[in-house]
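1. How does the following fold in three dimensions:
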Amino acid sequence: MELSVEHVLVTGGAGYVGSGLLRELLSQGYYVTCVDKLMFGGESLLDIWHNDNFTFIKCDVNDWDAFNSILTDNNFDAVIHLAAIVGDPACKLHSDLANKTNWDSSKWLIDRCKEIGISKFLFASTCSNYGKMDDPESYVDEDSKLAPVSLYAELKVKFEQYMLNEMTKSDDFVPTSLRFSTVYGLSPRMRFDLTVNEFTKDLALGRELVIFGEQFWRPYCHVKDFSNAFITVLKSPTEKVAYNVFNVGDTQENYTKQMLIDEIKKVLPESKIKYVNKNEDPRDYRVNSDKIKRELGFEITMRVSDGIKEVKRMVQEGVIQDPEDQKYYNIPHECKD
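-> Next up is the predicted model:
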């Protein structure tokens, strides 16, 4: 049974991933409602504010009574659930809030969506779920064991297990989990606390960059392609995405930190790098993302080299005048390791 989608609710839609996703959904003709508590402000919404197909509602996903009214007062066909305390450092700093938001309220939300008949539920998960590879020469895929090593990943795994394995399955409810690679690139709500963006920003400003453990692997994916992945799932046949999980990225886009530096040096050859030996990193993994390409036809449109070039230009040309402004970071500067 095919389930058509016209009206999409995006939780956390004012954030780094969500703000770009809103624009892509609108450009493809969807009616879009964004619910966000605006932890990092709402400037990312200004240029779509007057779009006739866009609605913004300020609400905290942890306010269940208010959120329930939003769900029952609208006829949503799909929910894309982004609202979360995002990343290892933020979850460590705000552990109680992370448990409440990323587990308690996420579980409440998906249960409520199913109860009232919202047909599709797309969950933003993470490849951090895999932890450290047993074999450093291998690749993990959707069937590999999950070994989360942070509260952020533990809560993602916990919710995934509930959504995919513990909920009572039904033909008219279609949940899908997308395990995203490490994100980078320009967004209406920009962040400079992400590896590619941070490295490029510092080197574009002429600073010396200190690298800890240049040999460790991680998969990368441009934030624009996160949006493309969500829309690919929305448009895919129910039988291909129901109670399914997909790694999002490209198998060729796995990089060590040293490989990232090599890419940056192609456009910033005078880069100054200091290496600090580090022999252990619990998040050292290469990810195979062939499944989403093979089964849904998804392909990335941007590569790490593209992201480096756009971030370099934004910084050096002053499009972003103060990249150290706290608004571009998910935790206070004084709390950074």
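2. switch to C-alpha atoms for all contacts and neighbour counts from now on
-> OK.
3. Point out where the protein drops to low pLDDT.
-> For the chain, the stretches with pLDDT under 70 are 1-3, 279-283, 334-337.
4. would you list every one of the strands in it?
-> Counting by DSSP state E, the chain has strands at residues 7-11, 31-36, 54-58, 78-81, 120-126, 174-180, 182-184, 208-212, 217-222, 244-248, 254-256, 272-276.
5. Dump those strands to CSV, plus mean neighbour count and distance to Leu234.
-> Formatted as CSV, those follow (neighbours: other CA atoms under 10 Å; distance: least, CA to CA, whole Å):
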stretch, mean neighbour count, distance to Leu234
strand 7-11, 24, 10
strand 31-36, 23, 13
strand 54-58, 16, 18
strand 78-81, 24, 8
strand 120-126, 24, 8
strand 174-180, 24, 10
strand 182-184, 23, 21
strand 208-212, 16, 39
strand 217-222, 23, 19
strand 244-248, 24, 13
strand 254-256, 20, 26
strand 272-276, 12, 43
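6. Redo those as JSON lines? Include distance to Lys265.
-> Output for these, formatted as JSON lines (distance: least, CA to CA, whole Å):
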{"stretch": "strand 7-11", "distance to Lys265": "37"}
{"stretch": "strand 31-36", "distance to Lys265": "38"}
{"stretch": "strand 54-58", "distance to Lys265": "41"}
{"stretch": "strand 78-81", "distance to Lys265": "37"}
{"stretch": "strand 120-126", "distance to Lys265": "28"}
{"stretch": "strand 174-180", "distance to Lys265": "26"}
{"stretch": "strand 182-184", "distance to Lys265": "17"}
{"stretch": "strand 208-212", "distance to Lys265": "12"}
{"stretch": "strand 217-222", "distance to Lys265": "18"}
{"stretch": "strand 244-248", "distance to Lys265": "27"}
{"stretch": "strand 254-256", "distance to Lys265": "14"}
{"stretch": "strand 272-276", "distance to Lys265": "9"}
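7. Of all the ones you listed, which one is nearest Thr238?
-> Closest to Thr238 of those, according to CA to CA: strand 174-180, at 7.0 Å.
8. quick one: contacts of that closest one?
-> When contacts are defined by CA atoms under 8 Å, 6 or more residues apart in numbering, strand 174-180 is touched by residues 119-127, 160, 163-164, 221, 226, 238, 241-249.
9. Please identify the pairing partners of it and their relative orientation?
-> strand 120-126 (parallel), strand 244-248 (parallel) (DSSP bridges).
10. got the ones you listed as CSV, with distance to Ser19 columns?
-> Shown next, in CSV, are the strands paired with strand 174-180 (distance: least, CA to CA, whole Å):
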stretch, distance to Ser19
strand 120-126, 14
strand 244-248, 18
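11. wait, which of those is closest to Gln321?
-> Proximity to Gln321 (CA to CA) singles out strand 120-126 among those, at 30.5 Å.
12. neighbouring contacts of the closest one?
-> Residues from elsewhere that reach strand 120-126 (CA under 8 Å, 6+ apart): 77-82, 110, 113, 153, 156-157, 160, 173-181, 230, 234.
13. what do you get for stretch 222-232?
-> 16-17, 20-21, 24-25, 80, 122, 180, 183-187, 248-249, 296, 298, 300-304, 307.
14. burial measure for the closest residue to Thr72 other than its chain neighbours, as a count.
-> Distance criterion CA to CA, 6 or more residues apart in numbering; nearest residue to Thr72, sequence neighbours excluded, is Ile116 at 7.4 Å. Neighbourhood size, Ile116 [other CA atoms under 10 Å]: 12.
15. how close does Ile116 get to Leu155?
-> Counting by CA to CA, to the nearest Å, the gap from Ile116 to Leu155 is 25 Å.
16. Same check on Phe216?
-> Noted for Phe216: a distance of 24 Å to Leu155, by CA to CA.
17. cool, and Thr232?
-> Shown here: Thr232 relative to Leu155, a distance of 25 Å by CA to CA.
18. neighbour-wise, which of these two wins?
-> Neighbour totals were compared for Thr232 and Leu155, and Leu155 leads with 22 against 16 (other CA under 10 Å).
19. what is the closest residue to Lys291 other than its chain neighbours paired to in the beta sheet?
-> Of all residues not flanking Lys291 in the chain, Phe246 sits nearest, at 6.7 Å (CA to CA, 6+ apart). Beta-bridge partners for Phe246, by DSSP bridges, are Leu178.
20. Phe246 reaches Ile292, doesn't it?
-> Yes - assessed by CA atoms under 8 Å, Phe246 is found in contact with Ile292 at 5.8 Å.
21. Helices of the chain, residue ranges please.
-> Applying DSSP state H to the chain gives helices spanning 16-27, 64-73, 88-93, 95-99, 106-116, 151-161, 195-204, 223-235, 238-241, 257-267, 290-296, 304-316.
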